[in-house]
Each structure stands twice: as structure tokens, then as C-alpha cells.
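Asker: missing the sequence, but the structure's below:
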């Protein structure tokens, strides 16, 4: 419930947006946003399945249509490897 309350301002900003919006967030926040925009009861929000990837919500005459594009996980690049100090 705390997270839902804390996301209220974000939801209001998204509702007022006149253009496309990209939101980069944690899985818990994604559940809250999807729950709100898809009209899912609060008690079911923690159970919303979220897979790694990009979720697109498109407004339709009956609410929002969700589509998901998966992101393949792979090996991190050499730039992402932790540095090792040498003595």
C-alpha cells in the first residue's frame, strides 16, 4: 500500500501526458502502474507477472492494451566487468 501511495504523483503525471512516455522502473513499480492502468484490484497487484523486457501500453476505447517485447539476457561486456586492482 505504501508503494501505491508513493506512485500516485507518477500516475497523475502519466495521465496528464499528451505525448508518448517511457518509464524505466523496478518490477514492483511496474506492477503498480500496470495494476492501475489495467484496472486490476489492489489485492492482485503483487501477483502481476512481469518478465524482463519492454512493456507497451496503448490506450484503446475499452482501456489499455498491453504488449510485451522480451529482452534477451546475455553476457555483460568487458566494460561492465568489475575492475580488479593490481598491487
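Answerer: Ah, there it is. Since the model is a prediction, treat every value here as computed from it, not as a measurement.
Asker: contacting residues for residue 63?
Answerer: Contacts for residue 63 (C-beta atoms under 8 Å, 6 or more residues apart in numbering) come out as 37, 38, 39. Heads up, the C-betas are built off the backbone N, CA and C, glycines and all.
Asker: Would you mind giving the secondary structure of the residue nearest to residue 36 when sequence neighbours are not counted?
Answerer: Excluding the flanking residues, the one nearest residue 36 by C-beta to C-beta, 6 or more residues apart in numbering is residue 11, at 5.5 Å. Look at residue 11: counting by DSSP: H, G, I helix; E, B strand; the rest coil, its state is helix.
Asker: moving C-terminal of the helix or strand containing residue 58, what's the next helix or strand?
Answerer: If you go by DSSP states H and E, residue 58 is part of strand 53-60. Downstream of strand 53-60, the next assigned helix or strand under DSSP H and E is strand 63-70.
Asker: Sheet partners, orientation included, of that next one?
Answerer: strand 53-60 (antiparallel) (DSSP bridges).
Asker: Just the buried residues of the partner strand, please?
Answerer: Across strand 53-60, burial judged by 16 or more other C-beta atoms under 10 Å covers residue 57.
Asker: What mean pLDDT does that strand get?
Answerer: Across strand 53-60, the average pLDDT comes to 87.
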